[in-house]
Structure formats: structure tokens, C-alpha cells
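>>> Predicted structure and sequence below. I'll ask about it afterward.
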Amino acid sequence: MSNFSAIESRPLLVTDQINELLDFDDDDEFFNETVDEFEEQMQVGLEELNSLWATQTHPEFSKKAHFLKGSCLALGCERVAFILSKLEIESPGKDDEEFCIRALKILTESWQNTLPLLKGYPDFKRASE
């Protein structure tokens, strides 16, 4: 896949999953703890993905992308999950190395753009009610 418009057309967040987490508790404590754990998981996971890419470790790269994708979907991080799904398929050793290099860069940028929105969503939701 060399067409990056499919990535850019994905929303950063899908709020259905986020709203379910917020509805789980009267305050934002559960949500905030979940997002903090997820942030740490993503930080470590992105570092691992880049390291696995650098060493061309195909099976582990795909497994890590798949694992992170599931966590992203659970928290409504649509664009990041979509990129991870593409990387899961186009992992090291496959034909489209150029795609993977660019997708890893876009993955990091998308995550950096998504995290503040995710963390700020409870306040945004309250302000818009």
C-alpha cells in the first residue's frame, strides 16, 4: 500500500469507546488511570517496533503491531490502530519497505497528535454537554 490518503482520512479518535470508559465510573479516575497505562504501553511499544524494524525481526514486529492495535481500538485511537494494522501486514522482510519506513514515522506523529486529545476528552465532553 503506497497510498497514504487512507491513513490521513481516518479520524484520530472514535469516541464510542472513550464514552464507555467514562461511563464506567462517576469521576474520571478510572479513565485517567487507563489512559496513563496506555500511554506508557504505547511509548514502550513504539520503541520496540522501531527496534524490531531496525533488526528486521519479522514475526515479533507483526505480533507487537497486532498487540498495540488491539489496545488502540479499545481506547478509540482509530488512526493509530489503522496504521498498526497496515504495519502488521507490511512488516520487515516484505516487499514494501518504503511504506513501512514512512508508516512508522506517521505512526509516531499520529500518536503524538492523538494522546493530548485522548487525555483532554473528558473535559471536552463536559464542556460540550
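That came in fine, so what should we check first?
>>> what are the C-alpha coordinates of the worst-scoring helix or strand of the chain on mean pLDDT, in CSV please?
Ranking every helix and strand in the chain by mean pLDDT, DSSP states H and E puts helix 5-8 at the bottom, with a mean of 84. Output of helix 5-8 as CSV, limited to C-alpha atoms (Å, rounded to 0.1, in the frame of the first residue of the first chain):
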residue,chain,number,x,y,z
SER,A,5,-4.5,9.2,2.0
ALA,A,6,-6.3,6.2,3.5
ILE,A,7,-4.3,6.8,6.7
GLU,A,8,-4.9,10.6,6.7
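>>> Next, the buried residues of the next helix or strand after that helix.
Per DSSP states H and E, the first helix or strand lying C-terminal to helix 5-8 is helix 15-23. In terms of neighbour count (16 or more other CB atoms under 10 Å), helix 15-23 has its buried residues at Gln17, Ile18, Leu21, Leu22. Bear in mind the C-beta positions are built from the backbone N, C-alpha and C, glycine included.
>>> and helix 15-23, what other elements does it pack with?
helix 29-54, helix 97-128 (3 or more CB pairs under 8 Å, 6 or more residues apart in numbering; DSSP states H and E).
>>> So which bits of the shortest one are buried?
By 16+ other CB under 10 Å, the buried positions in helix 29-54 come out as Phe31, Thr34, Val35, Phe38, Met42, Gly45, Leu46, Glu48, Leu49, Leu52, Trp53.
>>> what helices or strands is that helix leaning on?
Secondary-structure packing of helix 29-54 (3+ CB pairs under 8 Å, 6+ apart): helix 15-23, helix 58-74, helix 97-128.
>>> what bits of the chain have low per-residue confidence?
For the chain, residues meeting the criterion pLDDT under 70 lie at 1-3, 91-96.
>>> any idea which residue sits dead centre in it?
Against the mean C-alpha coordinate of the chain, by CA atoms, centre = their mean, the closest residue is Val80 at 3.3 Å.
>>> Help me confirm that that residue comes into contact with Ile106.
No: shown here, Val80 and Ile106 do not form a contact pair, counting by CB atoms under 8 Å, at 9.6 Å.
>>> list the helices and strands the least confident helix or strand of the chain packs on?
Helix 5-8 packs on helix 78-89, helix 97-128, going by 3+ CB pairs under 8 Å, 6+ apart.
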